[in-house]
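Asks: pasting the sequence and the predicted model now:
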Amino acid sequence: MKISGNDIRPGNVIEYDGTLWVAVKTNKVKPGKGPAYNQVELKNLIDGRKLNNRFGSDEKVERARIETKDFQFLYKDGDVLVFMDSESYEQINLAEEFVGERAAFLQDGMTVTLEMHEEKPIGIALPDQVVLAITETEPTIKGQTAASSYKPAMLENGVRVMVPPFITAGERIVVDTNEIAYIKRAE
């Protein structure tokens, strides 16, 4: 679907310069001299490059159709992560680097959302929060103030997070997978 350059909004995925870009910021500009334009900050969905571009109202760009599908994480095989389509039960293999450092939060049976363009995965969304056990942390020192003193803790998946001093080894906590940070004790 073709749209005018002035109609590009943040969050739109467009095909530009032979690849896929997502609009991060837009700013409509009407200079005193010359035609109005839309100043758009784009981020490449494939390699993460950023680009600033001006689109005039007479320019047409192709708005990409992005499908989202739920997949279930099955297992890790070396550097490959294996997922299964929740509807068709077809399996798909993705490189661990496609998921990035958040791959450590994948758990057996976890449902993730894959963004697909022409049946090709271009992005992945993990659940915002996961519950994990703490395998080791420093003991609490009496007299420490609880206000701002956090201590390092190792999670069962090998990731380090900072936790409040009252958290001990063996406890289960809720972790934000985007910020990789402690949220609260698990219920």
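Replies: Here it is on my side, so go on. Numbering: from 1, shown residues only.
Asks: tell me the domain ranges of this structure?
Replies: Here the chain is described, according to automatic domain parsing, as comprising the domains 2-63, 67-125, 129-185.
Asks: how about the ones you listed in CSV, adding mean pLDDT and mean neighbour count?
Replies: Where you see a C-beta, it was placed from the backbone N, CA and C, and this is true even at glycine. Putting the domains of the chain into CSV (pLDDT from 0 to 100; neighbours: other Cβ atoms under 10 Å) gives the following:
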stretch, mean pLDDT, mean neighbour count
domain 2-63, 87, 14
domain 67-125, 88, 14
domain 129-185, 85, 14
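Asks: once you drop chain neighbours, what's closest to the residue nearest in space to the middle of the chain?
Replies: By Cα atoms, centre = their mean, the chain has its centre lying nearest to A125, at 5.3 Å. Nearest-residue entry for A125: T113, 4.4 Å, with adjacent residues in sequence omitted and distances by Cβ to Cβ, 6 or more residues apart in numbering.
Asks: partner residues bridging that neighbour?
Replies: Assessed by DSSP bridges, T113 has beta-bridge partners D70, A125.
Asks: residues in contact with it?
Replies: T113 makes contact with T68, K69, D70, F71, I124, A125 under the criterion Cβ atoms under 8 Å, 6 or more residues apart in numbering.
Asks: if we use 7 Å, what do you get?
Replies: Contacts for T113 (Cβ atoms under 7 Å, 6 or more residues apart in numbering) come out as T68, D70, A125.
Asks: cool, and L20?
Replies: Applying Cβ under 7 Å, 6+ apart, we find L20 in contact with V13, L45, I46, A64, H117, I122.
Asks: now the helices for the protein?
Replies: Residue ranges of the helices in the chain, as given by DSSP state H, are 96-99.
Asks: can I assume M116 is in contact with D70?
Replies: No - if you go by Cβ atoms under 7 Å, M116 and D70 don't touch, sitting 11.3 Å apart.
Asks: follow-up on the earlier one: quick one: the contacts of T113 as CSV, columns for distance to D7 too.
Replies: Supplementary listing: the contacts of T113 in CSV, determined by distance: Cβ to Cβ, whole Å:
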residue, distance to D7
T68, 22
D70, 30
A125, 26
